[in-house]
Each structure stands twice: as structure tokens, then as C-alpha cells.
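**Student:** got a structure for you, letters missing:
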């Protein structure tokens, strides 16, 4: 739990660098508000296109702070949830929703101030006929995600950290943050240092 909270202070860009860019979700999956930041364990959902019954089951079964990660097959016609469903997720203490798909009732969801990362919005609702699956390995945004993996998201996008690499990725990403800060402080603001730095590169 401590490390998950600490990931909240690390940019996804640094985490991506620490994982060699291998676990980034598709760049079209973005937060509804630029200020949203998430870090928590993935509670995975796999649904057929146009269905969302499994999303409701997941909200009921997920734990406090869990991030609902939904494989909606990239569908952008039917929404996996609207403001009422997202409101239930917030009420039960979930940490956020990430979906390879779209939502609707965007103004209502923004008013909830609950972090949702998605491909956009639509007007069409989903059906509730197929059960789908929860807490199974999925592919979301082109990345394999297992239940319990760490999901971190911010304005730049979403990154997944495999459970067996959490400590390693945390150390590497923190080192990247520190190295970037030291570089900026030592070079930026001084034209001569910038020129020398560029000369060494080009």
C-alpha cells in the first residue's frame, strides 16, 4: 500500500521509462480531467462489445482503492457507464476507472470528480445481457493486465506495473525522476550550458 501511494508522486513518463515503454496503454486513453491521477491495484473486467453487466458486478466486488480496468475491445459506439454507474463506483470507494472504450454523461461524471480514463464519450448505452468476466487476465489498450497489477495514470496516460516488478519499477522510476530534476537544475537557464549539452548530443 505504501508503494502504491508513492507512485502517485511519480509521473507516468518516468514509470514508462523504467519499464522500457512496454506496459503503456494506448495513448488515446486519457483522463476526463487533466488533474486526475490514479494509483492502485487492477480489478479487471472483460466485456463483449455493447454490454456492461460485468462492470456492475465488478463495482460490487472490487475493494476500496481498486482501479477498475475494463477491456471493452476499444468500442467507441456504446458507453460502458454513465454518471449513475460511475457514482456507484465512487460511493463504494473504488480508486478510479480505466477503459479501452467510452463513457457517457460526461458533465455529470466530471461533477462527481472521480477519475475516469477512457477514449472519449458517446450517447449510446450498453445492454445488460451478457455476464462477461471479472478478475481475469485482460488486454486493455494493447497491454496485458492481470488482476492485482498496479495501474498508474495521469494526464500523459496510463502505465501498468506487473506485480512481480513493483519494487524494481519503483526504484528505477524514482531514480529517473531524480536524474531528470538534477539535469534540469544543472543546465536549464544557462545558455552556455544548454549549448554544450546539445553539442554533446548532435
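**Tutor:** On my side now, so go ahead. This structure is a prediction, so every number in the text was calculated from the model and none was measured.

**Student:** just give me the longest strand of this structure.
**Tutor:** Counting by DSSP state E, the longest strand found in the chain is strand 38-46.

**Student:** so what strands line up beside that one?
**Tutor:** strand 67-71 (parallel), strand 133-134 (antiparallel), strand 150-154 (antiparallel) (DSSP bridges).

**Student:** the closest residue in space to residue 40 that isn't next to it in sequence - how many residues pack around it?
**Tutor:** Residue nearest to residue 40 in three dimensions, not counting chain neighbours: residue 95, with 3.9 Å by CB to CB, 6 or more residues apart in numbering. No exception for glycine: its C-beta is placed from N, CA and C like everyone else's. For residue 95, the neighbour count with other CB atoms under 10 Å is 22.

**Student:** how near is residue 81 to residue 108?
**Tutor:** Distance, residue 81 to residue 108, by CB to CB, to the nearest Å: 11 Å.

**Student:** still on that earlier bit, make CSV out of the strands paired with strand 38-46 and add mean pLDDT, mean neighbour count and distance to residue 161.
**Tutor:** CSV is the format used below for the strands paired with strand 38-46 (pLDDT from 0 to 100; neighbours: other CB atoms under 10 Å; distance: least, CB to CB, whole Å):
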stretch, mean pLDDT, mean neighbour count, distance to residue 161
strand 67-71, 98, 27, 12
strand 133-134, 96, 20, 21
strand 150-154, 98, 25, 4
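
**Student:** same list, those, but as JSON lines with distance to residue 13 please.
**Tutor:** As requested, the strands paired with strand 38-46 are exported to JSON lines (distance: least, CB to CB, whole Å):
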{"stretch": "strand 67-71", "distance to residue 13": "19"}
{"stretch": "strand 133-134", "distance to residue 13": "31"}
{"stretch": "strand 150-154", "distance to residue 13": "9"}
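
**Student:** excluding its backbone neighbours, what's nearest residue 54?
**Tutor:** That would be residue 132: by CB to CB, 6+ apart, it lies 2.9 Å from residue 54.

**Student:** wait, that neighbour sits on residue 56?
**Tutor:** No. Taking contacts as CB atoms under 8 Å, residue 132 lies outside contact range of residue 56: 9.8 Å.

**Student:** need the contact partners of the helix or strand hosting residue 198.
**Tutor:** If you go by DSSP states H and E, residue 198 is part of helix 191-201. With CB atoms under 8 Å, 6 or more residues apart in numbering as the contact definition, helix 191-201 has outside contacts at 186-188.
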